[in-house]
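In: structure of the sequence below:
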Amino acid sequence: MAYSDEELQRAGRQLAGSIRALTGKVEALEGKPALDAFQQDTAQGRAIARHKGYSAAEIDRLENFMAQRGILHHQDAIAVDPTPPTSRFWRLGAVPKDEMDMLMSGDDAGFLNTSVRRALNGE
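Out: Prediction:
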């Protein structure tokens, strides 16, 4: 039995459509491992940044810095970040003991007088 030209064209269009759909699925599957690896690397980098004292807003700033400089990994960006994290834990570690004692005892005026004087004097 011979097929008409119209039937052959219809079959050809269906076959071409199926090939395009399968090609798209194969390409998507081939790209998935790379995307998964990128997402895992990003999650690990963010965890490292949090561990180093970066807040969520600071991680966003760090990632913008990475994009501007073409830096791929958070660890590399942290090493050259011109703006260190300012989380409360990072700052409290740098407070001298006498100033920390004033803070903990509620002596806000004493803390401010001492810390401002030291900051102005470069201490």
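In: kindly list the longest helix within the protein.
Out: helix 5-51 (DSSP state H).
In: mind giving me the packing neighbours of that helix?
Out: Using 3 or more Cβ pairs under 8 Å, 6 or more residues apart in numbering; DSSP states H and E, the elements in contact with helix 5-51 are helix 56-69, helix 74-80. No exception for glycine: its C-beta is placed from N, CA and C like everyone else's.
In: and stretch 40-51, what's buried?
Out: Buried positions in stretch 40-51, judged by neighbour count with 16 or more other Cβ atoms under 10 Å: 45-46, 49-50.
In: looking at these, which is nearest residue 120?
Out: Checking these against residue 120 with Cβ to Cβ, the nearest one is residue 49 at 32.4 Å.
In: can you tell me how far that closest one sits from residue 113?
Out: 35 Å (Cβ to Cβ, to the nearest Å).
In: now swap in residue 53 and tell me
Out: Note on residue 53: its distance to residue 113, by Cβ to Cβ, is 28 Å.
In: show me which of the two is the more surrounded one.
Out: Neighbours per residue, other Cβ atoms under 10 Å: of residue 53 and residue 113, the larger number sits with residue 53, 17 against 12.
In: next, that one: secondary structure please.
Out: Taking DSSP: H, G, I helix; E, B strand; the rest coil as the rule, one finds residue 53 in the coil state.
In: can you give me phi and psi for it?
Out: With angles defined as degrees, to the nearest 10, residue 53 sits at phi 100, psi 10.
In: please apply the same query to residue 4.
Out: Residue 4 adopts backbone torsions of phi -80, psi 160, taken as degrees, to the nearest 10.
In: residue 4 is nearest to which of the helices and strands packed on helix 5-51?
Out: Nearest to residue 4 among the helices and strands packed on helix 5-51 is helix 56-69; the distance by Cβ to Cβ comes to 57.7 Å.
In: walk me through the domains of this protein.
Out: Domain ranges of the chain: 10-85, 93-123, per automatic domain parsing.
In: which stretch among the ones you listed comes nearest residue 2?
Out: Comparing the domains of the chain by Cβ to Cβ, domain 10-85 comes nearest, at 13.4 Å.
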